[in-house]
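Colleague: My questions concern the predicted model and sequence given below.
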Amino acid sequence: MCTGRVDLELVLQAFSRGADGVFIGGCRLNECNYTTGGNYDALNMALLCRRLMEHIGLNPERLRIEFMSSGEGIRFAEVMNDFGKKIRELGPIGEGEGLDAAELETDLIQIIRLIPYIKLMKNDKLATRLQNPAEYDKLFTREEIEELFSELVSYYIDPKLCQACGICARKCPVEAIAGGRNLVHIIDQAKCIKCETCFKSCPARFAAIRKIVSEPVPLPIPEDARIIVREGAR
Amino acid sequence: MEYCPVKYPDTFNQEISNNKAIHIYFSQAIPLVTYIDESCLYLKDKKCGICKAVCENNAIDFTQTPKKVEINVGAIILAPGLEPFDPSLRNEYGYGRLQNVITSMDYERLLCATGPYEGEIRRASDKKHPHKIAWIQCVGSRQVIPGGNSYCSSVCCTYAQKQVILTKEHDANAECTIFHNDVRAYGKDFERYYERTANLPGVRFIRSYVSLGREIPETKNVTIRYSTLDEGVKEEEFDTVVLSVGLNPPDDVKELAGKLGIELNEHGFCKINPVNPMETTRPGVFVSGAFQGPMDIPESVYTASGASSQCGELLDYRRGKMSKTRKYPAEKDVSKEEPRVGVFVCNCGANIGRVVDVPSAVDYALTLPNVVFAKSQLFSCASNCAEEITDLAKEKGLNRVVIAACSPRTLEPLFRDTLREAGINPYYLDMANIREHCSWVHAKEHEEATQKAKEIIAMSVARAGHLEALQEFDLPVNKAALVVGGGLAGMTCALSIAEQGHQVHLVEKNKDLGGMARRIHYTLEGQDVQVYLHDLITKVNQHPLINIYTEAAITETTGYVGNFVTTLKSERGVTEIRHGATVIATGAEEHKPSEYLYGQNDRVLTNLELEEKITAREDSLVNAKSLVMIQCVGCRNEDRNYCARICCSQSVKNALKLKEINPDRDIYIIFRDMRTYGFKEDYYREAASQEVKFIRYEPENKPQVTAVEEGGRQFLRITVPDDILGKMMAIDADFLALAAAVIPSPGNTEVASLFRVTLTPDNFFKEAHAKLKPVEFATDGVYLCGTAHYPKHIPETISQAYAAASRALTLLSHDTVTASGSVCGVDEQKCIACGACIKACTYGAIEFQVVKGDKKATVNPVLCKGCGLCNSKCPTGAISLKHFTNEGLLSQIEAAFPEREMVKK
């Protein structure tokens, strides 16, 4: 596997498990072993991850990415010693930043759950190739990360409009939609990854799925109210 | 080794540190086994024998003697290497007399992590770290004096630069001074490397002959006397002086030559065929590497491959006759079983065991979930231990194996094979690297290292539980090759492949074969290029297995290693070619200068234009009284930051030819560094002795050229600062020849994208590894040779062309290629057809297909190279890289931090 295979989730899970620092080492830029330039993807992921860390109050320096060749043993040793030193200075994760442990955990859990959404929103930027280190800081801005969370999207099935056709439930990649014959479909918000698949697949003549931006999602209707009574059936 | 009482100077470490009579030759030796040498007390006097008493495996046998073995062979390749020049033969450097004067070989060992002081640079006199270090270049090279070598050793300029860079990495404040003559950074990317070295703080390059001064009695420091144009003669003190020693022919070379019936050249290296450097004077005996003459690693590697291709031409009818096919037991399906992990912890001799408490790691492994068996081994990679793994895996019913040993980079294939021997799918193996990642880096922290080793093992065991059986697949290999480019490189390569029984499609964009060589008439060494070229073209034209397409343009190429399909348009119309291998030999071009009045005045020529005029014996040139050549035109500058390698020799070649025609003619070569490396140095000296004048210029003070008409005569006036005289010098010349750079072909970008290979920043093709894989691309099944790779001389092009043929043959001679099972797969239920994976995949391995009415991503496993970029882009986790799944990797993280729970999404 390539450094570009390192998933945002792997890094954030390591932090959520209590890692004080995460190091990613890749081939030198423009000297990709796979010739795909995947190390640029790794760089972009790390830049995004550092912004996400900042967003929840973690010191982004806890994540470091460096590019070197297998011939640079001494440089590797220097970098690792330096990173070790840095992490010792920063102290244990959360504690060093003066964060409440429970709060940090909740925040990390929330971000990890939102990874699919974050990827969907940022995939174009994650695939860019930054040639100049001066551009690193601008790839993902603080404001855009704020926006990502403040304008969080949710999907909701309007019980009055749902005709239980089952298309959305069948297409949902994470099985977050409770379906059933003649039953109003309901999105389990805890499972939903906000991929929009249901929204796009709901037939236009029903248009039962609503996109809700930065507002609370209405509570699902009670189980016994889900039965759809069709006019023709009377 | 621990018990052996005999200590004597370790020859591998240049006798700086000691070794034992029983020892491993060096830490990367193959095979990595101990042996006893002549210093053994038992072998000498039948005393001691301690090692035999302590060896638990009864592996020591004092009765072994050398055996004479007779082998019948059809061809021989000589690769005896070289011998570093021994400066103790020459008193002037004080080597052997002054403790802090050492050779570059000594210094190389000091720099090495497995060297005498484990990578610490210490001087002999006081074991302190030297701070102020001087390198003296050309020791034993470029010297026509008794005991010296007249040739240039080709590698010392760059190895000294490497040593400076490494020194600065050891000690950022070190002061490094290189005393040099010409800096010969003629190799690929060497100019940049030279620049990088020169720009380091505290590094000085001083162009001066030097003499060794004296040793300061108190400090044992050494002084060097040198002179510069600005400051005159100076004497300066250094903590250590490194002699950049040159390369000599191997010892005992005369005896070897006598036994084999081959001739040597005047320098004692192998006498070779100038147009086929792998050929000795005896048919069937080939030569590779520095026995041909001083050369760097890539040249050694490609002459080695080149020699093997020529053996292939002789012995192709016997190819594969001695190979044996392995028979493996049937693979058990254990996918439904609970994981039963066996852990084998390797001591790696003492490499791991000396640092990590291996027995305690074994005990710990037994406490881990799913582990049913654990054991330590001395060398897990040794054949007896590998057998033990196979046997125990069967006996204990293991279905996953963790080897806690070294990096998977080298030995994973071996251990995968070990699993197959036990009827277990090879992908059920995981290696816990407790050597490179642990014992080697924490040599002094035994307890912490043991703890870390345990954690690494725990992580590995956790991952093992998530491994799945994967199937490697055999892809058929199309036996034909496509060679792109019909110059010397392409033709030589095509012919060698065809001579080994494979069909070759040779594609040339021009009307005729020959490429750049059509414009070269003679070589520095005196060969007639056109005669050789004509002969080669005839052979290629007549070869029944070579199809030639001229005036051809490739429009499309698809497929993968062993199965490419290329479409081209040529004078024969549109053709679709199926081929297993591709060779890129598209050549290079001559730079068209935009300075020195080129294009404005007919008296200003490029080197190639001059050569054409010389060959045609044009009157104006034959009668010319004075001719100037300017070197480094269009390269070694900001736009093209490389040395075009051949131009210095080309100019010397033309100068000698002109002198041959008319010895009284004045010839001036205005140069920056004369880079006549290797035996070409002799011709440089010859030119100087024939009174060709060499004048050095600095890039910031380039020569100026004006067209002059005086008294009815038209000529050129070239003014150049003369450093030695300290004033401007004006030369009136009838002709000016510009050593115009060899530049990459503008078509390279297109060829690169067609064949999915990469280019360097200078737009030459980028090989898979600058040193070790000089004719391969990172893209499987595509090979490289000739000036498309980098400017090079004709013999070098021919060597590399044979090398590319050899590498292509390695592929084409097999009926199948095995593709890794670690490729990506799609869980269609999870795919939302967002297309992120398709965008991420540069191999074109992923496409949308309609599955039950929905668009879904699908992976062509043949094209997938297992990088996993798509995996980390996929928002829903629908596409995943097998063998490196999120579940497996997360389980490792979980095992590394066992305290808290993993967030379940």
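Modeller: Great, that's in hand.
Colleague: OK, now which residue of chain A is nearest to chain B?
Modeller: Each residue of chain A has a distance to chain B, by Cβ to the nearest Cβ, and the smallest belongs to A:Arg5, at 3.1 Å. Placement of C-beta: from N, CA and C, glycine included.
Colleague: Was I right to think that residue contacts B:Cys867?
Modeller: Yes: checked against Cβ atoms under 8 Å, the pair A:Arg5 and B:Cys867 is within contact range at 6.6 Å.
Colleague: So which of those two has more stuff around it?
Modeller: Per other Cβ atoms under 10 Å in any protein chain shown, whichever of A:Arg5 and B:Cys867 has more neighbours is B:Cys867, with 29 against 26.
Colleague: Quick check: B:Thr582 is in a strand.
Modeller: Yes: B:Thr582 forms part of a strand when assessed by DSSP: H, G, I helix; E, B strand; the rest coil.
Colleague: So B:Leu506 versus B:Arg519, what's the distance?
Modeller: For B:Leu506, the distance to B:Arg519 equals 20 Å [Cβ to Cβ, to the nearest Å].
Colleague: Mind checking which of the two has more residues around it?
Modeller: Set side by side, B:Leu506 and B:Arg519 give different neighbour counts by other Cβ under 10 Å, the larger being at B:Leu506 (29 against 17).
Colleague: Show the contacting residues for that one.
Modeller: When contacts are counted by Cβ atoms under 8 Å, 6 or more residues apart in numbering or on different chains, B:Leu506 is found next to B:483, B:486, B:490-491, B:494, B:513, B:540, B:546-549.
Colleague: what do you get for B:Glu313?
Modeller: Under the criterion of Cβ under 8 Å, 6+ apart, the contact partners of B:Glu313 comprise B:496, B:499-500.
Colleague: got the contact list for A:Leu58?
Modeller: By Cβ under 8 Å, 6+ apart, the neighbours of A:Leu58 are A:15, A:93-94, A:97, A:99, A:104.
Colleague: Closest to B:Phe415 out of those?
Modeller: The closest of these to B:Phe415 turns out to be A:Phe15 (Cβ to Cβ; 32.7 Å).
Colleague: Once you drop chain neighbours, what's closest to the residue of the stretch 401-550 of chain B at minimum distance from chain A?
Modeller: Here the residue of the stretch 401-550 of chain B nearest chain A is B:Val441; by Cβ to the nearest Cβ that distance is 7.5 Å. Distances taken as Cβ to Cβ, 6 or more residues apart in numbering or on different chains place A:Ala77 nearest to B:Val441, at 7.5 Å, with adjacent residues excluded.
Colleague: How about the secondary structure of that neighbour?
Modeller: Assigned state for A:Ala77: helix (three-state reduction, three-state DSSP).
Colleague: Could you check how many residues crowd around it?
Modeller: Using other Cβ under 10 Å, A:Ala77 has 14 other residues around it.
Colleague: B:Ala462 reaches B:Leu889, doesn't it?
Modeller: No: counting by Cβ under 8 Å, B:Ala462 does not reach B:Leu889; the two are 9.9 Å apart.
Colleague: And stretch B:44-56, end to end?
Modeller: Across stretch B:44-56, the straight-line distance between its terminal residues is 24 Å, by Cα to Cα, to the nearest Å.
Colleague: So for the residue of the stretch 401-550 of chain B closest to chain A, what's the pLDDT?
Modeller: B:Val441 is assigned a pLDDT of 88 by the prediction.
Colleague: Off-centre distance for the one helix or strand B:Glu609 maps to?
Modeller: Using DSSP states H and E, B:Glu609 sits in helix B:607-616. Its chain's C-alpha centre and that of helix B:607-616 lie 35 Å apart, by Cα atoms, centre = their mean, to the nearest Å.
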